[in-house]
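Chemist: I would like to see how this sequence folds:
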Amino acid sequence: MTADPDARREQILDQQLYIGGANRSFGDVTLADVRARADELRATTGWGPTARVAPVARAWRELMIEMERSGCSIVGELDTPTLTALAPKLWVVMPGL
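Modeler: All right, here's what the predicted structure looks like:
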């Protein structure tokens, strides 16, 4: 993990995700995409092995709430502390890195 917050931010925003039927940079993911991912993951959460999805589903919902609260239309508009705190919970970057 890099100690430079700006470099870490760019690393997170540049991560590629398959979302909305295409590979895109995390920074370009829209609020509508985030809302859809949160709903999709919440719907797959159950008991047994699928219970492991619950924390990730909650993180996507938290991202959605932060974007709405901040008036962000894409992830890249979020502030650095919020972005770096949420990225590992979303599994956009590996937790602990």
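
Chemist: Every contact and neighbour count from this point should use C-alpha atoms.
Modeler: Fine.

Chemist: Please, where are all the helices along this structure?
Modeler: 5-14, 31-44, 54-70, 80-90 (DSSP state H).

Chemist: which of the residues in the last one are buried?
Modeler: When you say that, I think you mean helix 80-90. The neighbour-count check on helix 80-90 (16 or more other Cα atoms under 10 Å) flags 80, 83-84, 86-90 as buried.

Chemist: Over to the second one?
Modeler: Within helix 31-44, the residues scored as buried using 16+ other Cα under 10 Å are 31, 33-38, 41-42.

Chemist: Of those, which is the nearest to Arg24?
Modeler: Nearest to Arg24 among the buried residues of helix 31-44: Asp33, at 11.0 Å, using Cα to Cα.

Chemist: Arg8 and Pro95: what is the separation?
Modeler: 14 Å (Cα to Cα, to the nearest Å).

Chemist: among the helices of the chain, which is nearest Ala22?
Modeler: Nearest to Ala22, of these and by Cα to Cα, is helix 31-44 at 11.2 Å.

Chemist: looking only at pLDDT, what's the mean for that closest one?
Modeler: The average pLDDT within helix 31-44 is 91.

Chemist: helices or strands up against it?
Modeler: Counting contacts by 3 or more Cα pairs under 8 Å, 6 or more residues apart in numbering; DSSP states H and E, helix 31-44 is packed against helix 54-70.

Chemist: Can you give the contact residues for the helix it packs on?
Modeler: For helix 54-70, contacts defined as Cα atoms under 8 Å, 6 or more residues apart in numbering pick out 31, 34-35, 37-39, 41-42, 45-46, 73-75, 78, 86, 89-91.
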